[in-house]
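Participant: Can you look at this prediction? I've put the sequence above it.
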Amino acid sequence: MGTGHKKNLKEKTMKHFLIIFLIILCPLTIFATQAPVKGKVKSNAESKNLIINITGFKTNQGVARIALVDSKQNYDNDKNLRQKIIPVKDKKAQYIVKNLEFGKYAVKVFHDENSNGKLDTAIFGIPTEAYGFSNNARGKFGAPDYSKVVFEFNTQDQEIFIKVK
């Protein structure tokens, strides 16, 4: 084998290792076990609702697991402000987050087709179930950076749209 071929093989191996490492650490797999973080909830008199619309599901099997976070630190440490498990109907799901304080947030979602509570992966840790993030952000090797998924919630009954892939 030539030096160029060995180098190319080594780069591919390192890429596969990086993909596996990042996917294993991917925060999507622990939605079902995380307790929500307390705070940032208003009384009904000041209620503000965020409407999360999710499309792109290939089947109606299983559930959508949705997590809302309120900071980069909580996003990176999988500390969800709110989370919800919603059935998929007509290949869509909707979660209305009620009584939410205006501010900056990020949403993570995945289609738990077999309802086993985790994002299933194939060889090299590549997800076999659809997933998505606010702003329809995508990461190259794992979850996208918080700066790509964060959005400003500043309007009563504000809607966001996420397409899982």
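Facilitator: That came through, no problem. The model shown is predicted, which means the values in this text are computed figures rather than measured ones.

Participant: all helices of the chain, in order?
Facilitator: Assigned by DSSP state H, the helices in the chain fall at 3-25, 72-76, 146-149.

Participant: Could you tell me the end-to-end distance of stretch 107-125?
Facilitator: 22 Å (C-alpha to C-alpha, to the nearest Å).

Participant: Same question for it: list its buried residues.
Facilitator: Buried residues in stretch 107-125, counted by 16 or more other C-beta atoms under 10 Å: 107-113, 118-119, 121, 125. For glycine as for every other residue, the C-beta is placed from the backbone atoms N, C-alpha and C.

Participant: repeat for stretch 135-149
Facilitator: 135-137, 142-144, 146, 149.

Participant: now stretch 81-89
Facilitator: 81-86, 88.

Participant: How about stretch 85-105?
Facilitator: 85-86, 88, 93, 95, 97, 100, 102, 105.

Participant: Using CSV, write out every CA atom in it.
Facilitator: Output in CSV follows, covering the C-alpha atoms of stretch 85-105 (Å, rounded to 0.1, in the frame of the first residue of the first chain):
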residue,chain,number,x,y,z
ILE,A,85,-43.5,12.6,25.1
ILE,A,86,-46.1,13.0,22.3
PRO,A,87,-47.8,10.5,20.1
VAL,A,88,-47.1,10.9,16.3
LYS,A,89,-50.3,11.4,14.4
ASP,A,90,-50.6,11.9,10.7
LYS,A,91,-46.8,11.9,10.6
LYS,A,92,-46.8,15.1,12.8
ALA,A,93,-46.6,16.1,16.4
GLN,A,94,-47.3,19.3,18.3
TYR,A,95,-46.3,20.4,21.8
ILE,A,96,-47.7,23.5,23.3
VAL,A,97,-45.5,24.8,26.1
LYS,A,98,-47.8,26.8,28.3
ASN,A,99,-46.9,29.6,30.8
LEU,A,100,-43.4,30.1,29.5
GLU,A,101,-41.4,33.2,30.3
PHE,A,102,-40.1,35.1,27.3
GLY,A,103,-36.4,34.4,26.7
LYS,A,104,-33.9,32.3,24.7
TYR,A,105,-34.5,28.6,24.3
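
Participant: Alright, calling it a day.
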